[in-house]
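**Student:** Quick check, what structure comes out for this input:
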Amino acid sequence: MRVIEVRNPRNGKLDYALRPLEGYDLKEEVARLRKGQLRWQSSPLEHRIEVMQRWAESFSNHKEAVLESLILDTGRKSESILEVNLMSQTILRWCQLVKSIFKNQDDKTSNIPSIYIKQQVQPYPLVGVISPWNFPLLLACIDTIPAILAGCSVLVKPSEITPRFLEPLMASIREIPELADVLSFVPGDGITGSEMIPMVDLLCFTGSVSTGKSIYMACARNFIPCFLELGGKDPALVFEGANLEHAASSILWGSIVNNGQSCLSIERVYVQKNIETAFLDILKRKMEKVKIAYPNMEDGQIGPIIAEKQVSIIQEQLDDALAKGAKIISGWSACEHLGGGWFIKPTLLTGVNHQMKIMQEESFGPLIPVMSFDSEEGAISLANETQFGLSAAIFHQNWEKAYRIGMQIEAGAISINECALTALVHEGEKQAFKMSGIGGTRMGPAAIRRFLRQKAFLINKSENPSPWWFP
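**Tutor:** Below is the predicted model of the structure:
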């Protein structure tokens, strides 16, 4: 059996190993989940909610073990605490939302008076989830929880880069037998993920555009629906008259929280020309108060680069920008190898343009390139000059004008006078535009409907001959 060694992002050591579930063992797990789903689907919604509420309690009992594993997986502490603290709350929130989906629908007549219609929803039997390494717990569960409540079984393969949390998480699931029959988190890499696709009825994936394209094609070959949440290059637009202190604080957080390792990080900043100098001075002052969390996690806010492969991407973008005339006014020009882990201080750049990789390709690191614009039309044009369309942010003294500007930006979620609000506000239903993804929203009640198929019963209640029959 294959063994995958796992790197500790703080010290660079290969100090953990996993045995991927694949081949016959994966098929057996799929068969077990499909068997459990038949009972789960037919159980009353109230029972499914009660089971999930028990899982929230069970998870709380394993919370410390999950947290310890996440910290080892990612090398950062505060974001791991946030992930764990939100878990039970998230389960209970979905338990409330699902009640609006399964309300009984009255029979209705069709446009043919004798034909009545009964509507029903039916879950996809087995949902596959392939999740990334940047928020291992949160993004492994963002599709999983609503799918389970919809009545599906779910098979989850988290990233092999951050797999340590699987063991304590599965311990919390095994304490709830009804849930363990329909939910499984399994170890594996891309091979396991590829094997999963022909075995499931619907697939959810969060990750890079390149991998997302491959998954999209594999799902098409197997004729199953997929929901893809891919990369982002989210812009922030700062207009004259905006509160610059407020904008700088929000953009700083939106750009570098979790070391910029988030698909909805602010990765491009456009500032109206006559306020650019003032904005940069404020942002630089605030940035220089942010510290690297080294040698100890408590020493700062910025943890290590979690995935070693990301180091070369960040470095390539910095080198390309500097070679083409960009200037660093705060931060580092290179990633640094400290204690075996890779770190980079939040880095503020000016003199950038759209011929640079740093303005076109996803960075997934704490880089803040700032470019000026002259007019509203120019700002909108720059914001839309990208293959991505996940989110955006607008800072303006008049929120109604900001709303009008946001209507012209090609992105699924627009935060006004704040950044990355979709990470905090779950009621706003949004989808990814362009190459940032495809499929239904992950937010609000519609997120649950993704996992349900509409079924109609067309009932002839008349004894009379139908007029379309042969005479």
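
**Student:** Listing partners with orientation, what would you give for the lowest-mean-pLDDT helix or strand in the chain?
**Tutor:** Least confident helix or strand of the chain, by mean pLDDT, DSSP states H and E, is strand 108-109 with a mean of 84. With DSSP bridges as the test, strand 108-109 is paired with strand 115-123 (antiparallel).

**Student:** gap between whichever helix or strand comes after the strand it pairs with and the chain center?
**Tutor:** Following strand 115-123 in sequence order, the next helix or strand is strand 126-130 (DSSP states H and E). With C-alpha atoms, centre = their mean, to the nearest Å as the basis, strand 126-130 stands 15 Å off its chain's centre.

**Student:** Give me the buried positions along strand 126-130.
**Tutor:** Residues of strand 126-130 classed as buried: Leu126, Val127, Gly128, Val129, Ile130 (neighbour count, 16 or more other C-beta atoms under 10 Å). (Glycine included, C-beta is placed from N, CA and C.)

**Student:** do stretch 57-67 as well
**Tutor:** Buried, per 16+ other C-beta under 10 Å, within stretch 57-67: Ser58, Phe59, His62, Lys63, Ala65, Val66, Leu67.

**Student:** Spit out the contact partners of the fifth one.
**Tutor:** To tie it back to what came earlier, the one meant is Ala65. Applying C-beta atoms under 8 Å, 6 or more residues apart in numbering to Ala65 gives the contacts Pro168, Ala171.

**Student:** Wait, a helix at it?
**Tutor:** Yes - the assignment for Ala65 is a helix, going by DSSP: H, G, I helix; E, B strand; the rest coil.

**Student:** ranges for the helices of the stretch 151-300 of the chain?
**Tutor:** Under the criterion DSSP state H, counting those that start in this stretch, the stretch 151-300 of the chain carries helices at the ranges 166-174, 177-180, 190-196, 209-221, 244-256, 276-287.

**Student:** Export those helices as TSV, with columns for mean pLDDT, distance to Glu316 and mean neighbour count.
**Tutor:** Output for the helices of the stretch 151-300 of the chain, formatted as TSV (pLDDT from 0 to 100; distance: least, C-beta to C-beta, whole Å; neighbours: other C-beta atoms under 10 Å):
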stretch	mean pLDDT	distance to Glu316	mean neighbour count
helix 166-174	98	32	18
helix 177-180	98	44	16
helix 190-196	97	22	19
helix 209-221	97	15	16
helix 244-256	98	19	21
helix 276-287	98	22	17
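
**Student:** how about those helices in a markdown table, adding distance to Asp73?
**Tutor:** Shown next, in a markdown table, are those (distance: least, C-beta to C-beta, whole Å):
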| stretch | distance to Asp73 |
| --- | --- |
| helix 166-174 | 10 |
| helix 177-180 | 23 |
| helix 190-196 | 18 |
| helix 209-221 | 19 |
| helix 244-256 | 20 |
| helix 276-287 | 27 |
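
**Student:** Out of the buried residues of strand 126-130, the closest to Asp107 would be?
**Tutor:** Nearest to Asp107 among the buried residues of strand 126-130: Val127, at 30.0 Å, using C-beta to C-beta.

**Student:** The closest one and Cys204 touch, don't they?
**Tutor:** Yes - counting by C-beta atoms under 8 Å, Cys204 is a contact partner of Val127 at 6.7 Å.

**Student:** Mind listing the shared neighbours of those two?
**Tutor:** Taking C-beta under 8 Å, 6+ apart as the contact rule, Val127 and Cys204 both touch Asp143, Ala147.

**Student:** Need the three-state assignment for Glu361.
**Tutor:** Glu361 ends up coil, using three-state DSSP.

**Student:** again, but for Arg10
**Tutor:** Applying three-state DSSP: Arg10 is coil.

**Student:** Wait, it touches Ile306, no?
**Tutor:** No - between Arg10 and Ile306 there is no contact under C-beta under 8 Å: 9.8 Å.

**Student:** what do these two both touch?
**Tutor:** Looking at what touches both Arg10 and Ile306 (by C-beta under 8 Å, 6+ apart), the common residues are Gly75.

**Student:** Kindly format the C-alpha coordinates of the helix or strand that Met371 is a member of as PDB.
**Tutor:** Taking DSSP H and E as the criterion, Met371 maps to strand 367-373. Written as PDB, here are the backbone C-alpha positions of strand 367-373 (Å, rounded to 0.1, in the frame of the first residue of the first chain):
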ATOM      1  CA  LEU A 367       1.200  40.500  -1.500                       C
ATOM      2  CA  ILE A 368      -0.600  43.800  -2.000                       C
ATOM      3  CA  PRO A 369       0.100  45.400  -5.400                       C
ATOM      4  CA  VAL A 370      -1.400  48.900  -5.600                       C
ATOM      5  CA  MET A 371      -2.200  50.700  -8.900                       C
ATOM      6  CA  SER A 372      -3.800  54.100  -9.500                       C
ATOM      7  CA  PHE A 373      -6.800  55.000 -11.700                       C
END
